[in-house]
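Participant: Need the 3D shape of this:
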Amino acid sequence: MYWRRRAIVLLSLVTFVVLAYLGTTLGFALTNQSYGVSLQARMAEWGRQHGLGGVVTWAETEYNKLNPPKVGGAPPANAFGSGATIPVGQRLAAPKTMTTPATTPLPGEGVWHPVGRRTANGTPTMYEAFVRPDAVHTSYVVGVVWMDPNLLSAQLYSGSQIPGGGPYPYTAPISAKHSENLAAAFNAGFLMQDANGGYYTDGRIIKPLRSGAASAVVYKDGQMTVGKWGRDVKMTNQVSSVRQNLDLVVDNGKPVAGLTNANLLKWGVTLGGAYYVWRSGLGVTKSGALVYVGGPSLSISDLANLLVRAGAVRAMELDINTDWVQFSSFVGPLNTPINASSGTSLLTGPQGMAGPPGRYFANWWTRDFYTMSVRTSPASATTTTTAKG
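Facilitator: Numbering: from 1, shown residues only. Here you go, the predicted structure:
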């Protein structure tokens with residue numbers, strides 16, 4: 001009887017400690033913005049960290065069954081951007097109007113507009129356009145950004161969560177000094193355990209690089225490209241960073257084979273295993289321009305199709321799901337510090353991006369991301385007018 005009582009007391013004590021620990025960590029997660037913007041995302045991140053991945057996936061699956069993407073309908077008013085459309089003084093040929101996957105374009109759909117900080121002589125460094133993702137989910141709009149790497153310099157910022165470790169010389173928050181010519185900031189890729197690839201920065205291999213992986217490579221001169229590691233891009237003494245994420249989704253100007261296969265785990269775990277979710281991707285055009293795509297209700301094949309329509313000859317998926325897809329452009333006089341108030345998300349309004357520009361200026365932001373800053377002088381055309389690799 002004595003030992004039975006001791007066992008019950010000990011079991012009760014262990015149960016109390018475990019529940020107290022879980023309750024404390026859950027409370028921390030629900031108030032931690034780095035776990036996501038929504039409470040749903042924060043609970044999911046916490047659950048997967050504490051061995052409840054199966055429960056989280058089941059709950060998300062049931063939620064998505066009850067809340068599938070809307071079929072048909074029209075996008076919100078003024079969804080396709082506004083303002084000037086005439087390019088001025090581009091080093092690279094400005095992009096052509098995008099064709100819409102929704103078959104018949106609506107007024108303004110696919111038309112490019114200058115966005116963000118310009119050079120000292122007023123040359124646009126970036127353009128944005130908006131299209132619907134496919135011919136079925138026609139009430140949704142996806143944002144696309146075209147960036148001129150002759151006029152912009154790229155930088156990978158690393159975080160304590162992604163890739164982990166540190167400290168890093170470039171990490172959130174963006175400093176006042178590094179904001180002086182900031183034109184854009186956007187999300188990188190998956191958690192490293194899900195990326196099926198490696199990470200290199202600041203002369204260190206944080207996680208071994210995988211041959212054949214889709215790789216976003218930034219060079220010491222601020223140039224950036226996308227390619228297959230070991231074929232299009234490789235390690236040299238001019239490489240500043242390599243961020244790998246899965247395999248290429250676009251190669252030789254076409255979506256790669258297998259994007260519509262049933263096994264979607266190859267392209268990342270989505271909330272509840274949903275096929276149509278928020279996704280983002282990054283590609284490089286034949287001339288060396290960078291294109292970013294991000295938005296809701298995208299399948300992996302939709303993402304690849306949009307990247308091709310934007311001119312990408314090679315492209316990779318970046319992060320997915322509502323809380324992690326974020327592109328912000330910034331305005332303001334050059335050589336002048338700015339903050340989040342100078343930023344605008346690529347997609348705003350009811351269908352807008354969940355995370356605001358402020359995440360990049362916050363010390364709680366622990367994921368990696370990229371910045372693009374206006375160059376003080378244009379890069380050499382001999383090294384930047386073709387897709388580097």
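Participant: Okay, helices next: where are they in the stretch 201-350 of the chain?
Facilitator: With DSSP state H, counting those that start in this stretch as the definition, the stretch 201-350 of the chain shows helices at residue ranges 300-309.
Participant: which intervals of it have sub-threshold pLDDT?
Facilitator: Confidence mapping of the stretch 201-350 of the chain against pLDDT under 70 gives the ranges 261-274.
Participant: Next one: the spatially most central residue of the chain, what pLDDT does it get?
Facilitator: Compute the mean C-alpha point of the chain, and by CA atoms, centre = their mean the closest residue is residue 187, 3.2 Å away. At residue 187 the predicted local distance difference test score is 98.
Participant: What separation is there between it and residue 217?
Facilitator: For residue 187, the distance to residue 217 under the criterion CB to CB, to the nearest Å works out to 17 Å. In this view, the C-beta of every residue, glycine as well, is placed from N, C-alpha and C.
Participant: before we move on, the earlier item: in the sheet, which residues pair with the residue nearest to the centre of the chain? Tell me.
Facilitator: In this entry, residue 187 is beta-bridged to residue 369, by DSSP bridges.
Participant: how about it, what does it touch?
Facilitator: For residue 187, the contact set (CB atoms under 8 Å, 6 or more residues apart in numbering) comprises 280, 294, 318, 319, 324, 325, 326, 327, 367, 369, 370.
Participant: which non-adjacent residue is nearest the third one?
Facilitator: It stands for residue 318. Take residue 318 and drop its neighbours on the chain: the residue closest to it by CB to CB, 6 or more residues apart in numbering is residue 280, 4.3 Å away.
Participant: for the one you found, which residues make a bridge with it?
Facilitator: Per DSSP bridges, the residues bridged to residue 280 are residue 294.
Participant: Can you give me the neighbour number for it?
Facilitator: Applying other CB atoms under 10 Å, we find 28 other residues in the vicinity of residue 280.
Participant: same deal with residue 105?
Facilitator: Close neighbours of residue 105, defined as other CB under 10 Å, add up to 16.
Participant: distance of it from residue 73?
Facilitator: 16 Å.
Participant: do the same with residue 114
Facilitator: Separation of residue 114 from residue 73 (CB to CB): 29 Å.
Participant: Tally up the residues packed near residue 336, please.
Facilitator: The criterion is other CB under 10 Å. On that basis, residue 336 has 12 neighbouring residues.
Participant: Contacts only, for the residue lying closest to it once chain neighbours are set aside.
Facilitator: Computed as CB to CB, 6+ apart, the closest residue to residue 336 that is not its neighbour in sequence is residue 180, at 6.0 Å. Residue 180 makes contact with 334, 335, 336, 337, 338, 373 under the criterion CB under 8 Å, 6+ apart.
Participant: quick check, nearest of these to residue 289?
Facilitator: Nearest to residue 289 among the contacts of residue 180, counting by CB to CB, is residue 373 at 16.4 Å.
Participant: thinking again about what came up before, and the residue nearest to residue 318, how far from residue 295?
Facilitator: 8 Å.
Participant: Common neighbours of those two, please.
Facilitator: Common neighbours of residue 280 and residue 295 are listed as residue 325 (criterion: CB under 8 Å, 6+ apart).
Participant: how long is stretch 292-307 from one end to the other?
Facilitator: For stretch 292-307, the separation between the terminal residues is 8 Å (CA to CA, to the nearest Å).
Participant: Distance of residue 187 relative to residue 238?
Facilitator: With CB to CB as the criterion, residue 187 and residue 238 are 25 Å apart.
Participant: out of the contacts of residue 187, which are buried?
Facilitator: For those, burial is judged from neighbour counts taken by 16 or more other CB atoms under 10 Å, and it is met by 280, 294, 318, 319, 324, 325, 326, 327, 367, 369, 370.
Participant: Let me have the residues you listed in CSV, extended by distance to residue 224.
Facilitator: What follows is these, written out as CSV (distance: CB to CB, whole Å):
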residue, distance to residue 224
280, 15
294, 17
318, 13
319, 17
324, 20
325, 19
326, 18
327, 15
367, 18
369, 13
370, 8
